[in-house]
Structures are given as C-alpha cells and as structure tokens.
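1. Fold the following, please.
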Amino acid sequence: MDSIKDRPVFSFGEIVWDIFPEEKKLGGAPLNFAYYIGKLGGNSRIVSALGNDDLGHEALEAVNGCGLRTDGIRILDSLPTGVVRVSVDFNGVPQYDISTPAAWDEICWTDREEILPLVRNAGIFAFGTLAQRSRRNRECLREMLSQLSSDAIIVFDANLRQNFYSREIISESMEIADVVKMNEDEFPVISEYCGFSRGSPIDEIAGELVSRFKIKYLLITLGKDGSFVLDKSGKSIRRQGRRINIVDTVGAGDSFTAAFVWNIANGKSMEDASSAAARLSELVCGRKGAFCL
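-> Model (predicted):
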C-alpha cells in the first residue's frame with residue numbers, strides 16, 4: 001500500500017454559503033480543510049451534498065476551481081444548498097443562523113458502493129460535529145470510517161455550532177479519532193461534557209482527554225494566545241501568539257489542522273508540525289477569506 005501522504009485525503013461534511021449583509025462566501029470547515037490540504041500538496045476531496053439549485057451549481061464550480069475532486073459530492077433535487085446567515089452583534093462578534101434542513105444533511109448515498117470504494121484507500125479522513133446533526137449522516141460516516149485501513153489518520157475537528165452537537169456525538173467522535181482539534185471556546189464546553197471543572201489548568205485537562213480517549217494528538221487553538229498541542233506520550237508544545245496584522249480569521253483554525261496533520265503524515269515531528277500549522281494559520285489571518293492561498 002502507498003504511504004499515507006501519497007493516498008487520498010477525504011473530508012466529510014458541510015458545504016455552505018456564508019451569507020453576509022454585503023456578500024456571500026463559500027465555506028464550511030470540512031471544505032476549508034480539504035482546500036488547505038490540496039494547497040499543501042495532498043490529493044484532496046470532500047464528501048458532501050449540494051442542492052440542484054443556483055447556489056449548488058455555483059458552489060460546485062467554485063470547488064472545481066479550487067482544484068478539489070467533486071466525485072464525492074451528491075447533487076440533490078429534494079433539498080437546497082446549505083446557507084449560513086451571518087450577522088455581527090454590537091461587540092463585533094459574529095452570530096450564525098445555520099439553515100435546516102440542507103442538502104448536506106443527506107450526504108449518505110443511496111448506493112453505498114458509489115462512495116465506499118472512494119474512501120477505502122484514504123490516508124487521512126477528517127470530519128466534525130455539524131454534519132452529524134443528521135442521523136443518516138452519522139450512520140453513513142461510521143460506515144465510511146469502518147472501511148479505512150488501520151494506518152489511516154482519522155481527524156475530528158469539533159467545530160461546535162449552535163445546538164447541533166451533543167455529549168454523545170462528541171464522545172463517540174473523540175473515541176474514533178487519532179487527531180482531535182478544538183478552539184479556545186470549544187475546549188471548556190468539551191471539558192465540562194467530559195466531567196472536568198472549567199477552572200482546571202489546560203494541560204491537566206488535555207492530558208486526561210488524551211488518556212481517556214486514546215488520542216494521538218490533541219490540538220487546541222487559542223486565538224491571539226497561540227496554540228497548545230499534546231501527544232499521547234504526554235509531550236506538549238505551547239506556542240505563544242505573535243503580533244500580526246489580522247485581516248480576518250476565517251479558515252485559520254482549519255488551516256492549522258490541515259497543516260499539522262499533513263506534516264505528521266509526511267513524517268515530521270510534532271514540533272515541526274505545530275510550527276508549520278502556526279505559520280500557515282498566521283498567513284491565513286493576514287488575508288481575506290478562507291480560500292486565500
């Protein structure tokens with residue numbers, strides 16, 4: 001079998017249009033991850049679904065334009081392409097209204113043999129929580145994961161949104177994953193779900209999470225305060241955030257995850273991988289939008 005870095009990289013989940021008052025932007029954490037893996041040199045594709053509508057056709061063209069394979073994307077007549085209406089509150093904090101139902105609630109293919117052969121040789125397989133709001137998607141995702149070879153790297157990016165997650169979904173996902181990523185807002189939520197006090201030190205809780213769920217690498221992005229990475233041996237790396245000119249942070253966390261995982265797949269050390277992840281996320285923060293490379 002080919003080495004992990006030479007095998008396809010799959011990302012399972014939502015493709016959405018973020019609708020702002022003045023414009024719309026194509027996005028979704030799984031799509032962002034797939035985009036950055038592709039830019040780093042991976043054979044990347046996304047498993048998702050779009051509606052057979054104007055937004056879906058435009059999204060499919062844009063995904064093609066990013067150089068990503070589209071043979072894992074279903075086109076549905078029955079459901080619309082997903083949208084997220086974005087507004088900003090008085091404090092400048094974005095608020096998200098995620099449409100439901102959407103085409104990506106039905107990623108599950110009717111004929112499993114159309115999609116399962118695509119994922120059996122995956123070297124990396126990434127997923128999050130949002131697309132698991134649909135029971136059928138959860139079932140389909142578990143079936144895909146069961147097809148992976150034992151050396152494939154399974155990546156879980158928590159990406160908690162609105163109320164579209166649960167203790168059960170988070171726990172089951174962390175039990176499956178080799179690499180788990182969360183941000184500074186998600187870390188206390190997940191910690192509390194797992195029975196830890198919010199006041200406990202980050203390294204103490206992170207160590208318990210890695211031990212409990214047999215995680216190989218736990219990634220915690222901390223915004224302007226940098227990042228924290230811990231491996232299964234207990235080795236940790238805390239990187240302080242650097243002063244940079246931030247244009248926007250869209251896709252920064254996804255780029256961090258992609259760069260870390262891609263470097264690990266290429267045999268790099270945790271230190272080198274976390275350094276590459278920090279550099280790419282800083283670059284993305286200095287440019288507009290997720291698709292900026």
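2. how about the residue lying closest to residue 224 once chain neighbours are set aside, what does it touch?
-> Using CB to CB, 6 or more residues apart in numbering and skipping the chain neighbours, the partner closest in space to residue 224 is residue 241 (4.6 Å). For every residue, glycine as well, the C-beta is placed using N, CA and C. By CB atoms under 8 Å, 6 or more residues apart in numbering, residue 241 lies in contact with 222, 223, 224, 225, 226.
3. Any idea how many residues pack against the first one?
-> For residue 222, the count of nearby residues is 16 (other CB atoms under 10 Å).
4. gap between the nearest residue to residue 52 once chain neighbours are set aside and residue 53?
-> Closest residue to residue 52 apart from its sequence neighbours, by CB to CB, 6+ apart: residue 77 at 4.8 Å. Relative to residue 53, residue 77 is positioned 9 Å away (CB to CB, to the nearest Å).
5. got it, and residue 124?
-> 31 Å.
6. higher neighbour count, those two?
-> A count of neighbours by other CB under 10 Å puts residue 124 above the other of residue 124 and residue 53, at 28 against 16.
7. unless I'm mixing things up, that one is touching residue 149, no?
-> No - Residue 124 lies out of contact with residue 149 (CB atoms under 8 Å); the separation is 11.4 Å.
8. contact partners of stretch 132-150?
-> Contacts of stretch 132-150 with the rest of the structure, by CB under 8 Å, 6+ apart, involve 1, 10, 12, 47, 100-101, 104-109, 112, 115-116, 119-122, 125, 127, 131, 154, 164-165, 169, 173, 176.
9. shaky segments in this protein?
-> For the chain, the stretches with pLDDT under 70 are 1-2, 88-94, 109-112.
10. ranges for the helices of it?
-> 29-39, 54-65, 116-119, 135-146, 167-176, 186-193, 202-213, 252-265, 270-285 (DSSP state H).
11. Would you mind pulling up the elements that the last one packs against?
-> Other helices and strands packing on helix 270-285, by 3 or more CB pairs under 8 Å, 6 or more residues apart in numbering; DSSP states H and E, are strand 217-221, strand 227-231, strand 236-239, helix 252-265.
12. which residues touch residue 53?
-> Here residue 53 is in contact with 80, 81 (criterion: CB under 8 Å, 6+ apart).
13. Please name the residues that touch residue 62.
-> residue 26.
14. what about 10 Å?
-> Taking CB atoms under 10 Å, 6 or more residues apart in numbering, we find residue 62 in contact with 15, 17, 25, 26, 31, 68, 291.
15. Repeat that for residue 290.
-> By CB under 10 Å, 6+ apart, the neighbours of residue 290 are 18, 25-29, 31-33, 35-36, 248-252, 254-255, 284.
16. And it, its phi and psi?
-> When read as degrees, to the nearest 10, the backbone of residue 290 gives phi -80, psi -40.
17. In ChimeraX, select just the buried ones from the contacts of stretch 132-150.
-> Here is the ChimeraX command that selects the buried residues among these (16 or more other CB atoms under 10 Å):
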select :10,12,47,104,105,106,107,108,109,115,119,121,122,125,127,131,154,164,165,169,173,176
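18. show me what contacts residue 66?
-> The neighbours of residue 66, taking CB under 10 Å, 6+ apart as the test, are 26, 31, 34, 35, 38, 39, 44, 46, 291, 293.
19. These: which two are farthest apart?
-> 46 and 293 (16.5 Å; CB to CB).
20. Those two: who's more crowded?
-> Each of residue 46 and residue 293 has its neighbours counted (other CB under 10 Å); residue 46 has more, 29 against 15.
21. pretty sure the more buried one contacts residue 13?
-> Yes - Residue 46 lies in contact with residue 13 (CB atoms under 10 Å); the separation is 7.6 Å.
22. Now do the shared contacts for the two.
-> 28, 30, 31, 33, 34, 107, 126.
23. What residues does the nearest residue to the third one once chain neighbours are set aside make contact with?
-> For residue 31, ignoring the flanking residues on the chain, the nearest one in space by CB to CB, 6+ apart is residue 15 at 5.1 Å. If a contact means CB under 10 Å, 6+ apart, then residue 15 has 26-28, 30-31, 34, 46, 48-50, 55-56, 59-60, 62-63, 73, 81-82, 102-104, 107, 131 as its contacts.
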